[in-house]
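Trainee: Build me a structure from this.
(chains A and B)
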Amino acid sequence: MSATGIGAAVRRKEDRRFITGTGHYTDDINRPGQAYAYFLRSPHAHATIKSIDIKAASKMPGVLAVLTGAELAADQIGNLICGWMIHSKDGSPMKMAAHPALANGKACHVGDPIAVVVAETLAQARDAAEKIAVDYAALPAVADPAAAQKAGAPSIHDIAPNNTIYQWHLGDGKAVDAAFRSAKHVTKLDIINNRLVPNAIEPRAAIGEYDAGVGTFTLWNTTQNPHVARLVIAAFVGMAPEHKLRVIAPDVGGGFGSKIFIYPEEVVALWASKRVGRPVKWVADRSEAFVADAHGRDHVTHAEMAFDQEGKILGLRAKTIANLGAYMSTFSSSVPTYLYATLLSGQYEIPQIYCEVDAVYTNTVPVDAYRGAGRPEATFVVERLVEVGAREMGQDPAELRRKNFIKKFPHQTPVIMAYDAGDYNASLKKALELADHKGFGKRKRESARNGKLRGLGFSTYIEACGIAPSQAVGSLGAGVGLWESAEVRVNPTGSVEVLTGSHAHGQGHETTFAQLVSERLGIPIDNISVVHGDTDKVQFGMGTYGSRSGAVGMSAIAKALDKIEAKAKKVAAHMLEAAEGDIEFKDGKFSVAGTDKSAAWGDVTLNAYIAHKFSGQELEPGLKEGAFYDPTNFTFPAGCHICEVEVDPETGNTDIVAWTAVDDFGVIVNPMIVEGQVHGGIAQGVGQALCEGAVYDKDGQLVTGSFMDYCMPRADHLPALRVDTTMTKCPSNPLGIKGCGEAGAIAAPAAVINAITDAIGSEGLTMPATPHVVWAALQKANSIPKAA
Amino acid sequence: MAMTMNGEYELPVPPQTVWEKLNDAATLKACIPGCEQLDKTSDTEFQAVATVKIGPVKAKFKGKVALSDLDPPNGYKISGQGDGGVAGFAKGGATVRLTPKNGGTLLSYNVDAQIGGKLAQLGQRLVNGAAKKVADDFFANFANAVKAG
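Mentor: All right, here's what the predicted structure looks like:
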């Protein structure tokens, strides 16, 4: 391992600009003649728009245009789409309702954009929006996913009777029922996976610019996947042909999934820029983000697990209603199906699994992928069932897990996934040692002496990352392939630019991708630049989500580096007047086997460009190679998280007093960055478990619409985290990487709730387990112990 | 977002006097906090404009106020709905009962109100407090107006 190669804890190259305020985010970019957009949004959850009077607004100072859905339709700007087709059990396709970028005739959720004002200044645009008179006829609304399917519920889209988008299933229901009939014990749980607001630190933003001279559009946008944005806005929205649209994602301040999707505001910014002949900037404020960024999770599930007399799992069945909100967001359909039910086997050998998922429309903000996307929901179902099952059967939760772990690989689960490698016992064993599991009884007694209830919870999670083999996802309904591309450009002086289709918005790719190049080419990390986020620079790419950038994005770079090395060897052979097969490349030096003849990296790269030593017919000048890498399987990061809590029975407050995470991410490129990813993921998972929850009232108003009512996790929610790893190489990609971006968020909620329910001796908890929820559960269980 | 509020005031004049004030546009206009305009459009309907400030949101609401369930001099229901543009909407009503007490009148009210959009997003704690203050201010102003004759 070199000082800056794979496995080195290299400090992040990008941090200097981020922490000194010299990053370039979308809002830092200002175009000559730029105007500002302000969106008027529906205050109603569900309403017919009888009329929109823009006369007064249009006459306000500084106003360049007031545009509504009618103009959008007249200009034939197409609807936003969901790009993953799911079919119902009966074979019928999902019911995708029209989603115009500006509501046309009907508002379907609070925050639905109704009109946009473009003005010289943002203040003028806001003031003018006050003058737009919208005549709404409010309709009854529904926000609860289970209520949305009931007879008599308000109908949101004509295309979807009972507000049902699809009724999907996976697995063999009859075989599962038979397994349950032979069970010795069945554990049953009703689970609500709470709705979350992503809250990336940088709100979404877009600048649209139309160049009338050449007929091209440019979009600066807070996106995790600029090429997918370009593809959708070109091919489906019909804004411009793909080669006439450039999408630039500059520095992006966090995404967590919420910036994957194609949103109305960027479409409108582009369209408006052409209408007014000026660049148009829109930047969301925080309140707007609450009602305009896709939310996450929001499942209602009944789940059951069957055990035999020894505690071996015989089967699992689950019925889930997934709330997709008012419209189908870009990848929303895949989250509660192929990213959820396919992970219900967890780390366990479960012979039979059956899962039914109904996806429904409600009068709420659209729901789509959010850090973990389906896998936290699956982990929560499986890990709660196993933990509660152990308690009900009087078995040790760690032992019950060990008994059921998958031990032989590859392992085909009954729900599509074929796990390629893992050692679940190793991570459990290491975690038990690090967490001093043996000393828990003593710590619990100490807590009791202080009047506190101590509990311990496990989460032995698995995730499917490295998304994804194109053929596999294509057969499951994906509208795109999920490979990744890379281009390695070596300059005459030997410095290197890596162009990648992955996009970094906090992950540290500029460092880790450079570490791979440094390792392979033996050059200093400072001689390497990573270029991403511009469709005019990078030919194509699928972007960053699903913990895919290491496993898929870096594998593409590795493939391109193979080609670079092969070409450079040819150049070196000409320079050193040796046979190509005799050239060896090591530590940045080309040498002829068995001789003392050698050429340094920089000499070879210079020769590749001056081409004095070879004729162009034999060998082309230059040193630039590209590659597309399509994974052969998902990757399967897994691990064991142990959460230890102290609950104050008087107040219901939960203190997380210890956290141990032992994860198997395969080969680790930068352990410091990985540890940071684990920390962040755990914090988000703890947020979901303890404090975060988007709440709609019965009229569809978002009552947790600001940080006054929506609680984000804070530093004092977390103890110092013990983070460690075990390692089984991923056999499905050339680097052996599994991915680490989502693990913490996937593992954490189940660990926290398992710990709290252990502490209070009652399973009657829903997330977020706020002090009030925990206190109420304690009252209900009537289990307040006498203070010692 | 729905809210309910209630309260009562003792007034030193008989129900009939209170009832007349309750139906007098000028009195209502003076008592409704932030009311800039209250024009009678029929015996039981008014057009209203009022400016409301809750936390960081200040909005001018335009809307209709209607009187119903008229039961002179024992009470009525006053309801309204207003559109605050970018700030959202508000609608609701107050059932007002007048009961003779100690030679005067006991005025009791039950308010239920709904708000939507940015106002609702502000959060229950802020909005509930602000709404309660609007109701309290109105009835306090009204009590003073009645006492002043």
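Trainee: State the number of residues packed around the residue of chain B found nearest chain A.
Mentor: Nearest residue of chain B to chain A, counting by C-beta to the nearest C-beta: residue B:117, 2.4 Å away. Using the backbone N, CA and C atoms, a C-beta is placed for each residue, glycine as well. With neighbours defined by other C-beta atoms under 10 Å in any protein chain shown, the count for residue B:117 comes to 29.
Trainee: mind checking how far it is from residue A:699?
Mentor: As judged by C-beta to C-beta, to the nearest Å, residue B:117 and residue A:699 stand 11 Å apart.
Trainee: what's the answer for residue A:339, then?
Mentor: Distance, residue A:339 to residue A:699, by C-beta to C-beta: 31 Å.
Trainee: Excluding chain neighbours, what is closest to residue 132?
Mentor: If you meant another chain, say so; for now it's chain A. Nearest residue to residue A:132 in three dimensions, chain neighbours excluded: residue A:57, at 4.6 Å (C-beta to C-beta, 6 or more residues apart in numbering or on different chains).
Trainee: wrong one, chain B
Mentor: Counting by C-beta to C-beta, 6+ apart, residue B:132 lies nearest to residue B:5, which is 5.3 Å off, once chain neighbours are set aside.
Trainee: Could you do residue A:134 as well?
Mentor: Nearest to residue A:134 is residue A:52, by C-beta to C-beta, 6+ apart, at 5.1 Å.
Trainee: can you tell me which helix or strand that neighbour belongs to?
Mentor: Residue A:52 belongs to strand A:47-53 when assigned by DSSP states H and E.
Trainee: And the longest helix belonging to chain A, what's buried?
Mentor: Identified as the longest helix of chain A according to DSSP state H is helix A:555-576. Within helix A:555-576, the residues scored as buried using 16 or more other C-beta atoms under 10 Å in any protein chain shown are A:555-561, A:564-565, A:567-576.
Trainee: In contact with the residue lying closest to residue B:57 once chain neighbours are set aside: list those residues for me.
Mentor: Spatial nearest neighbour of residue B:57, excluding adjacent residues (C-beta to C-beta, 6+ apart): residue B:87 at 5.1 Å. By C-beta atoms under 8 Å, 6 or more residues apart in numbering or on different chains, the residues touching residue B:87 are A:43, B:57-59, B:117-119.
Trainee: Narrow those residues to those that are buried.
Mentor: By neighbour count, with 16+ other C-beta under 10 Å, the contacts of residue B:87 hold A:43, B:57, B:59, B:117-119 as buried.
Trainee: so of these, which ones are in helices?
Mentor: Per DSSP H, the buried ones among the contacts of residue B:87 map to helices at B:118-119.
Trainee: and the residue in the stretch 601-750 of chain A positioned nearest to chain B, how many residues sit next to it?
Mentor: Distances between the stretch 601-750 of chain A and chain B by C-beta to the nearest C-beta are smallest at residue A:705, namely 3.0 Å. Neighbour count for residue A:705, taken as other C-beta under 10 Å: 28.
Trainee: How about it, nearest residue that isn't a chain neighbour?
Mentor: Leaving out its chain neighbours, the residue that sits closest to residue A:705 by C-beta to C-beta, 6+ apart is residue B:121, at 3.0 Å.
Trainee: Tell me the pLDDT of the one you found.
Mentor: In this model, residue B:121 is scored at 87, pLDDT.
Trainee: Ok, the one 4 residues further on next?
Mentor: Looking at residue B:125, its pLDDT is 77.
Trainee: what helix or strand does it sit in?
Mentor: helix B:124-147.
Trainee: what's in contact with that helix?
Mentor: Outside helix B:124-147, the residues that reach it (C-beta under 8 Å, 6+ apart) are A:703, A:708-709, B:1, B:3, B:5, B:7, B:9, B:11-13, B:17-18, B:21-22, B:27, B:30-33, B:52, B:54-55, B:94, B:107, B:109, B:111, B:113, B:115, B:119-120.
Trainee: What's the ChimeraX line that selects buried ones from these?
Mentor: Only the buried entries of the contacts of helix B:124-147 go into this ChimeraX selection, using 16+ other C-beta under 10 Å:
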select /A:703,709 /B:1,3,5,9,11,17,18,21,22,27,31,32,33,52,54,94,107,109,111,113,115,119,120
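Trainee: ok so, going back, and for the helix or strand following the strand holding residue A:52, what's in contact with it?
Mentor: Downstream of strand A:47-53, the first helix or strand assigned by DSSP H and E is helix A:55-58. With contacts defined as C-beta under 8 Å, 6+ apart, helix A:55-58 is touched by A:63, A:65-66, A:117, A:128-133.
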